[in-house]
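Asker: Prediction below, plus the sequence it came from.
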Amino acid sequence: MAIGKILSDVLKERNTTVTDLARNINVAPTTIYSIIERDNMKIDISVLIKICKSLDVDIEMFYKDYLDNNDSDKTVSEIMFKYNQLNDDGKAKLNERLDELLELPKYRK
């Protein structure tokens, strides 16, 4: 199950609308609709973090199936484990550093 389907299910469980979530995390509702409709594993990490905070869910919820089905990729699991040990300031700093690395062509795929 990809992120869009999981997000849709969580919104239904929480009886929350896309509009409410978008307002809570300060993004356009079309951003949330796009995540749900694309239903893939790619999402801006800063948006995903805001979604997780707003819905009070762990980030692993969105990647659990991926991690379970890709045991060979232990690095992702390890990174997520470490991420969850950070406080909000640490998570914000990590996101800044990721953005910095992604701006450098030598670190992008």
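Answerer: Great, that's in hand. Everything numeric in this text was worked out from a predicted model, so none of it was measured.
Asker: which other helices and strands contact the biggest helix by length in the chain?
Answerer: Identified as the longest helix of the chain according to DSSP state H is helix 88-103. When contacts are defined as 3 or more CB pairs under 8 Å, 6 or more residues apart in numbering; DSSP states H and E, helix 88-103 packs onto helix 45-55. (C-beta placed from N, C-alpha, C; glycine too.)
Asker: can you pull the buried residues of the helix it packs on?
Answerer: Within helix 45-55, the residues scored as buried using 16 or more other CB atoms under 10 Å are 46, 48, 49, 50, 51, 52, 54, 55.
Asker: For residue 76, state which of these is nearest.
Answerer: Nearest to residue 76 among the buried residues of helix 45-55 is residue 48, at 13.6 Å by CB to CB.
Asker: The buried residues of helix 45-55 into TSV, with extra columns for pLDDT and distance to residue 24?
Answerer: Formatted as TSV, the buried residues of helix 45-55 follow (pLDDT from 0 to 100; distance: CB to CB, whole Å):
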residue	pLDDT	distance to residue 24
46	88	14
48	91	14
49	92	13
50	94	8
51	95	9
52	93	12
54	95	4
55	94	9
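Asker: would you turn the residues you listed into a markdown table with distance to residue 21?
Answerer: What follows is these, written out as a markdown table (distance: CB to CB, whole Å):
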| residue | distance to residue 21 |
| --- | --- |
| 46 | 15 |
| 48 | 12 |
| 49 | 13 |
| 50 | 9 |
| 51 | 7 |
| 52 | 11 |
| 54 | 6 |
| 55 | 7 |
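Asker: where are the low-confidence patches of the chain?
Answerer: 1, 40-41, 65-74 (pLDDT under 70).
Asker: what about residue 3, how many residues close to it?
Answerer: Residue 3: 21 surrounding residues under other CB atoms under 10 Å.
Asker: how deep is the closest residue to it other than its chain neighbours tucked in, by neighbour count?
Answerer: Computed as CB to CB, 6 or more residues apart in numbering, the closest residue to residue 3 that is not its neighbour in sequence is residue 62, at 5.0 Å. A count of neighbours around residue 62, defined by other CB under 10 Å, yields 23.
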